[in-house]
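> Dropping the sequence and predicted coords here.
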Amino acid sequence: MGLISRALEQADIPAALTTWNGGRARVTAPPRATFTRLKRGATLGRPHDATQQRRVLEATLALLGQAAPIPPVNLAETEE
């Protein structure tokens with residue numbers, strides 16, 4: 001996904017992503033990214049937790065308002 005984000009940015013299409021704890025996204029250096037400590041497969045939040053999912057989504061989309069590249073943003077979202 002990091003490589004796709006970079007390709008979109010090169011085509012002048014703003015892109016942002018969120019992922020679990022950085023993982024391989026750190027290596028691919030996406031132009032805008034949020035990292036969480038949620039379980040794999042629940043990137044936007046716990047199942048059925050609309051409040052958490054909205055927080056993660058809003059934080060990720062807010063990055064689109066900033067000029068890229070920016071350092072990844074570590075969100076305090078966890079499974080607990």
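Cool, got the structure. Numbers count the residues shown, from 1 in each chain.

> Does the helix or strand where Leu8 lies pack against any helices or strands, and if so which?
Assigned by DSSP states H and E, Leu8 belongs to helix 2-10. Helices and strands touching helix 2-10, as assessed by 3 or more Cβ pairs under 8 Å, 6 or more residues apart in numbering; DSSP states H and E, comprise helix 25-28. Backbone N, C-alpha and C define where each C-beta goes, glycine included.

> contact partners of the helix it packs on?
Helix 25-28 has contacts (Cβ atoms under 8 Å, 6 or more residues apart in numbering) with 1-3, 5-6, 17, 19, 33, 35, 72.

> same thing but 10 Å
Helix 25-28 has contacts (Cβ atoms under 10 Å, 6 or more residues apart in numbering) with 1-6, 17-19, 33-35, 72.

> In its sheet, which strands sit next to the helix or strand that comes right after the helix holding Leu8, and in what direction?
As assigned by DSSP H and E, the chain's next helix or strand after helix 2-10 is strand 17-20. Here strand 17-20 is paired, per DSSP bridges, with strand 33-37 (parallel).

> same question for the strand it pairs with, mean pLDDT?
What strand 33-37 shows for mean pLDDT is 91.

> if we can go back for a sec, go through the contacts of helix 25-28 and name the one with the lowest pLDDT.
Lowest confidence among the contacts of helix 25-28: Met1, with 83.

> So for the chain, which residue is the most central one in space?
Thr18 (1.9 Å; Cα atoms, centre = their mean).

> Report the buried residues of the helix or strand of the chain with the lowest mean pLDDT.
Here the helix or strand of the chain ranked lowest by mean pLDDT, DSSP states H and E is helix 25-28, holding a mean of 77. Buried residues in helix 25-28, counting neighbours by 16 or more other Cβ atoms under 10 Å, are found at Ala25.

> Can I get the longest helix along the chain in PDB, CA atoms only?
Using DSSP state H to define each element, the chain has its longest helix at helix 50-62. Extracted in PDB, the C-alpha atoms of helix 50-62 (Å, rounded to 0.1, in the frame of the first residue of the first chain):
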ATOM      1  CA  ALA A  50     -17.800   2.900  15.300                       C
ATOM      2  CA  THR A  51     -16.400   5.600  17.600                       C
ATOM      3  CA  GLN A  52     -12.800   4.200  17.400                       C
ATOM      4  CA  GLN A  53     -13.100   3.600  13.700                       C
ATOM      5  CA  ARG A  54     -14.300   7.100  13.100                       C
ATOM      6  CA  ARG A  55     -11.300   8.500  15.100                       C
ATOM      7  CA  VAL A  56      -8.800   6.500  13.100                       C
ATOM      8  CA  LEU A  57     -10.500   7.400   9.800                       C
ATOM      9  CA  GLU A  58     -10.700  11.100  10.600                       C
ATOM     10  CA  ALA A  59      -7.100  11.300  11.700                       C
ATOM     11  CA  THR A  60      -6.000   9.500   8.500                       C
ATOM     12  CA  LEU A  61      -8.100  11.700   6.200                       C
ATOM     13  CA  ALA A  62      -6.800  14.900   8.100                       C
END
